[in-house]
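>>> Give me a 3D structure for the following:
(chains A and B)
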2 protein chains.
Amino acid sequence: MTDDTIQKRFGERIRTLRQLRKLSQEELAFRAGIHRTYLGGIERGERNPALRNINALAEALSVSLSELFKLGDKTRF
Amino acid sequence: MTDDTIQKRFGERIRTLRQLRKLSQEELAFRAGIHRTYLGGIERGERNPALRNINALAEALSVSLSELFKLGDKTRF
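Below you'll find the model as predicted:
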């Protein structure tokens, strides 16, 4: 998977999970302790987030990191 | 999970998988396209690697990202 692809798929996964939980970008960013515009960049696949922020997003979305990285998984849970 | 904890557990997971595959740090670092000393820091839990390097490590270890992040999982595979 190329660098751009992994960023795009990770961003899509974050957006899918956020929308499943009916959270706005503001709410998710606040819970994860990151800036809303940074979250927007992550969701558009423009950012290369590091492990700590990835972990904070997983916790804010109430999923394990392993679940978070089921990147092809569009199923609801 | 605190920032330090996630870095430590991620580092342990990388080390476990690397050793299961009988790879040296040099070999894994070369395959993942990162510097050996950087890999050493990751394994010691001292680094906060970003998504692209995390993905490169998963590919170098021939595991999915979801598998890579089964952080408690010491089982062989």
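>>> which one is A:I34 nearest to, not counting chain neighbours?
What sits nearest to A:I34 in space, not counting adjacent residues and going by C-beta to C-beta, 6 or more residues apart in numbering or on different chains, is A:N53, at 5.8 Å. No exception for glycine: its C-beta is placed from N, CA and C like everyone else's.
>>> Flag the shaky bits of chain A, pLDDT-wise.
Residue ranges of chain A with pLDDT under 70: A:72-77.
>>> One more pass at 50, please.
Applying pLDDT under 50 to chain A picks out residues A:76-77.
>>> separation between the residue nearest the centre of it and B:Q19?
Central residue of chain A (C-alpha atoms, centre = their mean): A:I14, 2.7 Å from the mean position. Using C-beta to C-beta, to the nearest Å, A:I14 is found at 32 Å from B:Q19.
>>> Up against chain B, what does chain A have?
A:1, A:3, A:6-7, A:10, A:48-52, A:54-55, A:59, A:64-71 (C-beta under 8 Å from any C-beta of the partner chain).
>>> how about a cut-off of 6 Å?
A:3, A:6, A:10, A:48-52, A:55, A:65-66, A:69-70 (C-beta under 6 Å from any C-beta of the partner chain).
>>> still on that earlier bit, please name the nearest non-neighbouring residue to the residue nearest to the centre of chain A.
Spatial nearest neighbour of A:I14, chain neighbours left out: A:E43 (5.6 Å); criterion: C-beta to C-beta, 6+ apart.
>>> Run a quick neighbour tally on that neighbour.
20 (other C-beta atoms under 10 Å in any protein chain shown).
>>> And it, how far from chain B?
Computed as C-beta to the nearest C-beta, to the nearest Å, the A:E43 to chain B distance reads 13 Å.
>>> Ok, A:I34 next?
Relative to chain B, and taking C-beta to the nearest C-beta, A:I34 is found at 13 Å.
>>> Wait, a helix at that residue?
No. Under DSSP: H, G, I helix; E, B strand; the rest coil, A:I34 falls outside any helix and is assigned coil.
>>> can you give me phi and psi for A:G33?
Main-chain dihedrals, A:G33, degrees, to the nearest 10: phi 70, psi 30.
>>> Can you list the residue ranges for helices in chain A?
A:3-20, A:25-32, A:36-43, A:51-60, A:65-68 (DSSP state H).
>>> Thank you kindly, that will do.
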